[in-house]
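1. Show me the folded form of this:
(one chain, ligands or ions: 1)
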Amino acid sequence: MEKVIIVGTGCAGLTAAIYAARANFAPLVLEGHEPGGQLSTTTLVENFPGFPEGINGPELIMNMKSQAERFGARFSYSAVEDFEPAEGFVKIKVDGEWMETRTLIVAAGASAKWLGLDREKELVGHGLTSCATCDGAFYRNVPVAVIGGGDSAAEEATFLTRFASKVYLIHRRDSLRASKIMADRALGNPKIQPVWNTVPLEYLSDAEGEMRALKVRDTNSGAESELEVKCVFVAIGHNPNTKPFKGKLDMDENGYLLQRGGTKTNVPGVFAAGDVADHVYRQAITAAGQGCAAALEAEKYLAQFEH
Ligand code: NAP
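-> Okay, the predicted model is just below:
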């Protein structure tokens, strides 16, 4: 039986791995479908403490991984398919095989929802992103667009006005879903221009492969047009990666794991860390902090099995 299995290799999972490995548990870390998590698809990270000049997301993740490996963490390119709580341990199904572990740290993250337009994958990092906090500062004094009408879109559009010359807030309906206070703040900002009843059709890039414009369609008139923007921020929500745990670990109505004091879940020995449970802060550093807390909680929990 494993002592510690960690699901996910974003900031939360890797920080948990560093702590659990240094505590001599030789944790098994399952990389999942998106190794490295959301940081692995960003460029320069300027807000992770300790890097005054910033650090590239993938490099930060690789550093964390080798730090965990140095202390004995083991990595496997596999994902959890199923989960069953048991008496004093839990079972997870990985690549068709059931495994047993005393503790499980679920740090499987959340995946940004994308529009599903052509060339979406190749443009991420080249004027297409789902994170204003990460990438907003790269787009100073240029027009940008935010897609969506919820709190995320309103918040990101407002945040982006610090840098961009103009922010188009493109929404498929004629009113925002966002809470009144956030909607009012966004719509009252002179730099934000709402573009109602409009859906994105196509990303248009320049000769260097960077975003140049967004082709959109007015859903009322059917008219198509191009908005000249240097970056498109897709803010149509995130999906927490909690499918294998459905019905077994407590979740909110959007599928985010519920934590009960610190990182504990409703199942003893199972801890949740990072974006899989946090839809509020969603930062690399907050995820890392939760990963650390989850590993310390796991260590405390494991003490009862030492004889
Ligand atoms: P959300 O509330 O689900 O809103 C998603 C928005 O994207 C909706 O306006 C939706 O349009 C639009 N959308 C979805 N799919 C689309 C598509 N394929 N094409 C175009 N538009 C699409 O997601 P969220 O804004 O990320 O918020 C998620 C949760 O986190 C909410 O509970 C929110 O309150 C919370 N949150 C809170 C804060 C805060 O309090 N500071 C900040 C961010 C998020 P429709 O409106 O037409 O459905």
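
2. mind checking how far the residue in the chain that the ligand sits nearest to is from residue 78?
-> The minimum distance from the chain to the ligand, using CB to the nearest ligand atom, falls at residue 150 (2.4 Å). Backbone N, C-alpha and C define where each C-beta goes, glycine included. For residue 150, the distance to residue 78 equals 33 Å [CB to CB, to the nearest Å].

3. picking up where we left off before, settle this for me: the residue of the chain closest to the ligand is touching residue 175, isn't it.
-> No: assessed by CB atoms under 8 Å, residue 150 is found out of contact with residue 175, at 11.6 Å.

4. Pick out whichever of the two has more residues nearby.
-> residue 150 (18 against 11; other CB atoms under 10 Å).

5. Ignoring the adjacent residues along the chain, who's closest to that one?
-> Leaving out its chain neighbours, the residue that sits closest to residue 150 by CB to CB, 6 or more residues apart in numbering is residue 177, at 4.8 Å.

6. how about the residues of the chain near the ligand?
-> For the chain, the residues in contact with the ligand (CB under 6 Å from any ligand atom) are 115, 147-153, 155, 172-173, 177, 236-237, 279.

7. rewinding a little: contact partners for the residue of the chain closest to the ligand?
-> Residue 150 sits next to 176-178, 235-237 when contact means CB atoms under 8 Å, 6 or more residues apart in numbering.

8. do residue 159 as well
-> Here residue 159 is in contact with 132-133, 136 (CB under 8 Å, 6+ apart).

9. Where does confidence bottom out across those?
-> Across those, the smallest pLDDT goes to residue 133, namely 83.

10. Could you rank the contacts of residue 150 by neighbour count and give me the top one?
-> residue 235 (26 neighbours).

11. give me every residue that touches it.
-> By CB under 8 Å, 6+ apart, the neighbours of residue 235 are 130, 132, 146-148, 150, 152-153, 156-157.

12. Where does pLDDT dip in this protein?
-> The model of the chain has pLDDT under 70 over residues 307.

13. Go again with 50.
-> Nowhere does the chain drop to pLDDT under 50.

14. which residues are contacting stretch 185-192?
-> Contacts of stretch 185-192 (CB under 8 Å, 6+ apart): 153-155, 157-158, 161, 164-167, 169, 176, 178, 194.

15. list the buried ones in the helix or strand where residue 227 lies?
-> Assigned by DSSP states H and E, residue 227 belongs to strand 224-228. Neighbour-count burial for strand 224-228 flags residue 227 (criterion: 16 or more other CB atoms under 10 Å).

16. helices or strands next to that strand in the packing?
-> Identification of packing neighbours for strand 224-228 by 3 or more CB pairs under 8 Å, 6 or more residues apart in numbering; DSSP states H and E yields strand 143-147, strand 211-218.

17. In its sheet, which strands sit next to the helix or strand that contains residue 102, and in what direction?
-> Residue 102 belongs to strand 97-106 when assigned by DSSP H and E. If you go by DSSP bridges, strand 97-106 pairs up with strand 2-7 (parallel), strand 90-94 (antiparallel), strand 270-272 (parallel).

18. hey, which of these is tucked in deepest?
-> A comparison of these by mean neighbour count, using mean count of other CB atoms under 10 Å, puts strand 270-272 on top with a mean of 29.

19. so the helix or strand following that one versus strand 97-106, what angle?
-> Sequence order places helix 284-302 as the next helix or strand after strand 270-272, per DSSP H and E. Orientation of helix 284-302 against strand 97-106 (axes from the mean of the first three to the mean of the last three CA atoms, to 10 degrees) gives an angle of 120 degrees.

20. How far does helix 284-302 sit from its chain's centre?
-> 17 Å (CA atoms, centre = their mean, to the nearest Å).

21. Output the contacting helices and strands for that helix.
-> strand 2-7, helix 11-22, strand 97-106, strand 270-272.

22. looking at the ones you listed, which is closest to residue 222?
-> helix 11-22 (43.9 Å; CB to CB).

23. Pull the residues that contact the following helix or strand past the closest one.
-> Next along the chain after helix 11-22, taking DSSP H and E as the criterion, comes strand 28-30. For strand 28-30, the surrounding residues in contact (CB under 8 Å, 6+ apart) are 2, 4-9, 13-14, 17, 68, 73-76, 78-80, 94, 101.

24. Buried subset of those, written for ChimeraX?
-> Burial among those is assessed by 16+ other CB under 10 Å; the matching ChimeraX selection reads:
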select :2,4,5,6,7,8,9,13,14,17,68,73,75,78,79,80,94,101
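
25. Filter the contacts of stretch 185-192 down to just the buried residues.
-> Here, 16+ other CB under 10 Å leaves 153-155, 157-158, 161, 164, 166-167, 169, 176, 178, 194 buried among those.

26. Show me the residues you listed that map onto helices.
-> 153-155, 157-158 (DSSP state H).
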